[in-house]
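Student: Coordinates only, no sequence provided:
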C-alpha cells in the first residue's frame, strides 16, 4: 500500500534550506513535532498550519527586503 503524503512541509523546508529545528524554534514547539509532520506520521492542527503559513510569509518578506529575489 502506498503511503499518503498529507502535507508538503518537508519539501518546502528542503526547498528553502530551512531545518526542522528552525521552524520548531520559530513556532516554539519541539523539533520532534515538526519531524512528525515531515514524515506524515502526525498532522499539524489548523492553528499550527496558520502559524506555519505566517512563518513562511515572514521568511519570504525577509528575503524580499534583503533583495534576495531568487529565494522568493
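Tutor: Yep, it's here. Everything numeric here is computed off the predicted structure, so don't read it as measured data.

Student: How about residues contacting the helix or strand harbouring residue 13?
Tutor: Per DSSP states H and E: residue 13 is located in helix 9-16. With contact meaning C-beta atoms under 8 Å, 6 or more residues apart in numbering, helix 9-16 is reached by 18-20, 23, 34, 37-39, 44, 52, 56, 59, 71. Bear in mind the C-beta positions are built from the backbone N, C-alpha and C, glycine included.

Student: average pLDDT across the biggest helix by length in the chain?
Tutor: The longest helix of the chain (DSSP state H) is helix 46-65. Mean pLDDT, computed over helix 46-65, is 82.

Student: now the angle between helix 9-16 and it, please.
Tutor: 10 degrees (axes from the mean of the first three to the mean of the last three C-alpha atoms, to 10 degrees).

Student: Make 7 the first number, not 1, from now on.
Tutor: Happy to do that; since the first residue is 7 now, the last one works out to helix 52-71.

Student: Just the buried positions in helix 52-71, please.
Tutor: Residues of helix 52-71 classed as buried: 57-58, 65 (neighbour count, 16 or more other C-beta atoms under 10 Å).

Student: again with stretch 15-22
Tutor: Buried-residue list, stretch 15-22, by 16+ other C-beta under 10 Å: 15-16, 19.

Student: Same list (those residues) but as CSV, adding distance to residue 33.
Tutor: Output for the buried residues of stretch 15-22, formatted as CSV (distance: C-beta to C-beta, whole Å):
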residue, distance to residue 33
15, 11
16, 15
19, 12
